[in-house]
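Enquirer: Fold the following.
(one chain, ligands or ions: 1)
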Amino acid sequence: MQGKRIKIPEKFAYVQFFYYFCTCKSYLRMGKTLHKVLLISTGGTITMVRDKASGALVPADIETFKAFMPELFAGEIKVDIQAFTPLIDSSDIGPEKWAQMAQMVYDHYEEYDGFVILHGTDTMSYSASALSFMLEGLNKPVVFTGSQLPVGVLRSDAKENLLTAIEIAAAQDEDGDAIVPEVTIYFEDRLFRANRTTKRNAEHFSAFNSYNYPALAKAGVHITYQPHLVHYNDVNAVLRLHTAYDPNVAVLKLFPGIQRPVVHALLRTRGLKGVVLETFGAGNAPSDKWLYRELKSAVDRGIIIVNKTQCNTGSVEMGLYAVSLNLMKAGVLSGYDITTEALLTKMMYLFGENPDNPELVRTLLQKNLCGEVTIDN
Ligand code: ASP
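Expert: Model (predicted):
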């Protein structure tokens, strides 16, 4: 709500002072302090324009983007912007850029009430999951968003997504505490815990879903938060930044008819430390003896293999069917209901943080660190 402005003659300056004093006080009473949000732009479709020569979408520069978004500077929330130079497509984002984003949040943590990260949708769930592990003890919102159409296109979803994400990043309760102090993704009309999301749609505006955990907020005329679903850290927690990532991991997706040389080659990759094994249904795999031997031999060589179902919804339940018993015998761990994006980035983070302690990595992979998996620790 904007404070009313009344023109008062200069000789009544003390009246003017009194008026502004009362206005400020009423802002405070309504919980309306001025909030500050840092917008970190990495690129993505939201920032793109069509290249005349190739016809393909390419990221524009940040000034062009700002010119399309005058609303950013007209609201009650003070928005500052920092951008990657150049802005990039999210296919070019990996562990190094995750560290850059996390570092930017960390460096400005005290100055802002919340953070919004503009990011391409293609790998947003990976980056956002990674940041949920890298920013330990987070007590402020870090909201990822982007759009399916560039900001300059008339029907674009950019403005709605970005402006609502900013409002969520600034949202506080009556005690002045952030309502959703987690890493999240806001898209279309839903706010999801980042490390529960998957990009599900390359066409429609609702690009993301969180299959195994409900939305933390829904936006309509009002934004309806679900505080009972939010992961809160201890209010006195100190933010700790972790940027060490080890990308020596792989995804092995099983399919009917998969051949031994394929599995053998992947599991013998030099330097490999962890494997996300994408299985059928409740965590099942073909019962071929060779598959058991390959997996067992990899586990014996110190490779950590985690069972992740290819289904979006539901959980791995090893032992439910006989065809998963071999996986258990081989020493494959359960991924429960985690997403591939969260599991992969969690592995990279844990191997990066604990290079000489695979036992600890195994233990922590079986624990819920920041709401990414349904396990009773
Ligand atoms: N290729 C784009 C990106 O991920 C797609 C998008 O932003 O929606 O950067």
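Enquirer: For the rest of this, base every contact and every neighbour count on C-alpha atoms.
Expert: OK.
Enquirer: The longest strand anywhere in the chain pairs with which strands, and in what direction?
Expert: Scanning the chain for the longest strand, with DSSP state E as the assignment, gives strand 78-88. In the sheet, strand 78-88 lines up against strand 36-43 (parallel) (DSSP bridges).
Enquirer: and the longest strand of the chain with the ligand, contact?
Expert: No: Strand 78-88 is not in contact with the ligand by CA under 6 Å from any ligand atom; minimum separation 6.7 Å.
Enquirer: Let's see that strand as PDB, backbone CA atoms only.
Expert: Extracted C-alpha coordinates of strand 78-88, given in PDB (Å, rounded to 0.1, in the frame of the first residue of the first chain):
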ATOM      1  CA  LYS A  78      13.500  -2.200  -3.100                       C
ATOM      2  CA  VAL A  79      15.000  -4.400  -5.800                       C
ATOM      3  CA  ASP A  80      18.700  -4.400  -6.500                       C
ATOM      4  CA  ILE A  81      20.100  -6.400  -9.500                       C
ATOM      5  CA  GLN A  82      23.300  -8.300 -10.000                       C
ATOM      6  CA  ALA A  83      23.800 -10.300 -13.200                       C
ATOM      7  CA  PHE A  84      26.100 -12.900 -14.700                       C
ATOM      8  CA  THR A  85      28.100 -11.400 -17.500                       C
ATOM      9  CA  PRO A  86      27.200 -12.600 -20.000                       C
ATOM     10  CA  LEU A  87      23.700 -13.900 -19.200                       C
ATOM     11  CA  ILE A  88      23.600 -17.600 -20.200                       C
END
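Enquirer: For the residue of the stretch 201-350 of the chain found nearest the ligand, which residues are in contact?
Expert: Relative to the ligand, the nearest point of the stretch 201-350 of the chain is Ala202 (7.6 Å; CA to the nearest ligand atom). Counting by CA atoms under 8 Å, 6 or more residues apart in numbering, Ala202 makes contact with Gln148.
Enquirer: Could you pull up phi and psi at Asn354?
Expert: phi -130, psi 60 (degrees, to the nearest 10).
Enquirer: Leaving out the residues flanking it, which one is nearest to it?
Expert: Val361 (6.9 Å; CA to CA, 6 or more residues apart in numbering).
Enquirer: Next, the buried residues of the helix or strand hosting that neighbour.
Expert: Per DSSP states H and E, Val361 falls inside helix 358-365. Buried residues in helix 358-365, counting neighbours by 16 or more other CA atoms under 10 Å, are found at 358, 361-362, 365.
Enquirer: so what does that helix touch, helix or strand wise?
Expert: helix 340-353 (3 or more CA pairs under 8 Å, 6 or more residues apart in numbering; DSSP states H and E).
Enquirer: ok, and what's touching the helix it packs on?
Expert: 125-126, 129-130, 133-134, 195-198, 242-251, 273-274, 276, 308, 335, 358, 361, 364-365, 372.
Enquirer: So which of these sit within strands?
Expert: Using DSSP E, the contacts of helix 340-353 in strands are 198, 249-251, 274, 276, 308.
Enquirer: which ones are touching the residue most central in space within the chain?
Expert: Ranked by distance to the mean C-alpha position of the chain (CA atoms, centre = their mean), the top residue is Ala128 at 2.1 Å. Shown in contact with Ala128 (CA under 8 Å, 6+ apart): 144, 183-185, 194-195.
Enquirer: again, only using 10 Å
Expert: Ala128 is in contact with 98, 101-102, 117, 119, 134, 142-145, 183-185, 193-197, 341-342, 345, counting by CA atoms under 10 Å, 6 or more residues apart in numbering.
Enquirer: which among the contacts of helix 340-353 end up buried?
Expert: Judged by 16+ other CA under 10 Å, buried ones among the contacts of helix 340-353: 125-126, 129-130, 133-134, 195-198, 242-251, 273-274, 276, 308, 335, 358, 361, 365, 372.
Enquirer: Report pLDDT for Asp234.
Expert: Listed pLDDT for Asp234 reads 93.
Enquirer: just to revisit the earlier point, what's the distance between the residue nearest to the centre of the chain and the ligand?
Expert: According to CA to the nearest ligand atom, to the nearest Å, Ala128 and the ligand sit 13 Å apart.
Enquirer: which residues of the stretch 51-200 of the chain fall in strands?
Expert: Using DSSP state E, counting those that start in this stretch, the strands of the stretch 51-200 of the chain run over 57-59, 78-88, 114-118, 135-136, 142-145, 183-187, 190-193, 198-199.
Enquirer: what about the helix or strand just after the last one, near the ligand?
Expert: The element immediately downstream of strand 198-199 (helix or strand, assigned by DSSP H and E) is strand 208-209. No: judged by CA under 6 Å from any ligand atom, strand 208-209 stays clear of the ligand, getting no closer than 10.8 Å.
Enquirer: What ranges does this structure have for its helices?
Expert: For the chain, the helices defined by DSSP state H occupy 13-29, 62-68, 95-107, 124-134, 158-170, 260-267, 289-300, 325-330, 340-353, 358-365.
Enquirer: OK, contacts around Pro355?
Expert: Counted by CA under 10 Å, 6+ apart, Pro355 has contacts 244-246, 273, 349, 361.
Enquirer: typed the wrong thing, it's Ala322
Expert: 284-285, 287.
Enquirer: export the residues you listed to a markdown table and tack on distance to Val323?
Expert: Below are the contacts of Ala322 laid out as a markdown table (distance: CA to CA, whole Å):
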| residue | distance to Val323 |
| --- | --- |
| Asn284 | 6 |
| Ala285 | 6 |
| Ser287 | 6 |
